[in-house]
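Asker: what shape does this take:
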Amino acid sequence: MNDMPTYRPGYEVVAEQLLGYIAEQGLRPGDRLPTEKGLAEILGTGRSVTREAIKVLAAVGRVAVRKGAGIYVSVPSNPDADNQVGYFQPTDLAHVAMLFDHRRLIEAESARLAATLARPAQVRTIRAAAEASVAAHGDHVAFQEQDRLFHDAVAEASANVFLQAAVTSLRDFKEQSDRLLFAGGLPGSLEVAAQQHVHIAEAIAAGDPDKASTAMIQHIDTTQSQFEQRIRDRLKAGPQ
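Answerer: Coordinates of the predicted model:
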């Protein structure tokens with residue numbers, strides 16, 4: 001049993017409370033929120049930490065701050081995810097675990113179908129993105145772009161528009177957690193993730209659906225394990 005106190009930045013706690021408030025009130029995309037001062041009073045928090053929480057939520061696309069007009073619940077970039085947006089709590093580790101579970105189901109099947117259905121041009125695109133993610137080395141921004149291109153290319157090669165839409169939604173939610181929990185950084189080893197991209201690409205190129213699916217599951221398992229380790233490391237470190 002771990003009795004170690006858990007440290008969480010104030011803005012993260014308030015951001016979670018604000019998302020909870022949006023869900024509890026049944027607010028929908030486009031609905032207006034109270035003012036910064038009003039939110040601080042409702043949540044029982046200070047103005048400065050509430051302001052920081054609003055900035056972070058605006059950065060991850062959960063709220064929109066319109067100068068001179070107020071604060072609004074954002075309209076999601078993917079309308080299909082509309083109902084999920086109000087439910088997903090990016091700093092709730094139980095929700096994040098469910099997100100990884102969903103990724104395994106969706107992306108493993110995307111990889112399986114891609115290994116069977118991918119056209120030569122699509123295989124080249126998948127390989128190019130995998131190799132580019134290796135070349136990114138320690139550049140988080142470059143890696144994130146290639147990671148996005150890789151997973152999108154695999155989903156596209158599945159020839160299933162519903163899987164493609166799901167992969168996009170899942171990435172949006174994952175990026176919200178990364179932004180709130182890791183200040184936009186990535187939770188694990190870029191080198192390990194990139195090499196796993198290559199293994200997945202090789203299985204798809206070889207037309208081996210079982211190997212492609214297994215490689216994708218291993219990739220997501222590793223990402224989840226590194227994510228959880230990063231959380232444990234942060235809790236041990238406490239406030240800086």
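
Asker: going forward, measure contacts and count neighbours with C-alpha atoms only.
Answerer: Noted.

Asker: list the contacts for the spatially closest residue to R28 that is not a sequence neighbour?
Answerer: Nearest non-adjacent residue to R28, counting by Cα to Cα, 6 or more residues apart in numbering: V73, 6.6 Å away. Contact analysis of V73 by Cα atoms under 8 Å, 6 or more residues apart in numbering lists 22, 27-33, 62-64.

Asker: and what of T35?
Answerer: Contacts for T35 (Cα under 8 Å, 6+ apart) come out as 70-71.

Asker: mind checking pLDDT for it?
Answerer: Per-residue confidence (pLDDT) for T35: 94.

Asker: now Q89
Answerer: pLDDT, Q89: 69.

Asker: can you show me the helices along the protein?
Answerer: Ranges of helices in the chain, per DSSP state H, are 10-24, 36-43, 47-59, 82-85, 93-117, 120-135, 140-157, 161-182, 190-205, 209-237.

Asker: can you tell me which of those has the worst average pLDDT?
Answerer: Going by mean pLDDT, the lowest-scoring of the helices of the chain is helix 82-85, which has a mean of 50.

Asker: break this protein into its domains for me.
Answerer: 10-73, 88-237 (the TED database).

Asker: which of the ones you listed sits most buried?
Answerer: domain 88-237 (a mean of 19; mean count of other Cα atoms under 10 Å).

Asker: out of the contacts of V73, which sit inside strands?
Answerer: Using DSSP state E, the subset of the contacts of V73 located in strands is 32-33, 63-64.

Asker: can you lay out those as CSV showing distance to A193?
Answerer: Shown next, in CSV, are these (distance: Cα to Cα, whole Å):
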residue, distance to A193
R32, 40
L33, 39
V63, 31
A64, 32
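
Asker: and of these, the nearest to E202?
Answerer: V63 (40.1 Å; Cα to Cα).

Asker: so the closest one sits against I54, correct?
Answerer: Yes: the pair V63 / I54 is scored as a contact, 7.3 Å apart, by Cα atoms under 8 Å.

Asker: coming back round to it: between the ones in strands among the contacts of V73, which sits nearest A166?
Answerer: V63 (21.5 Å).
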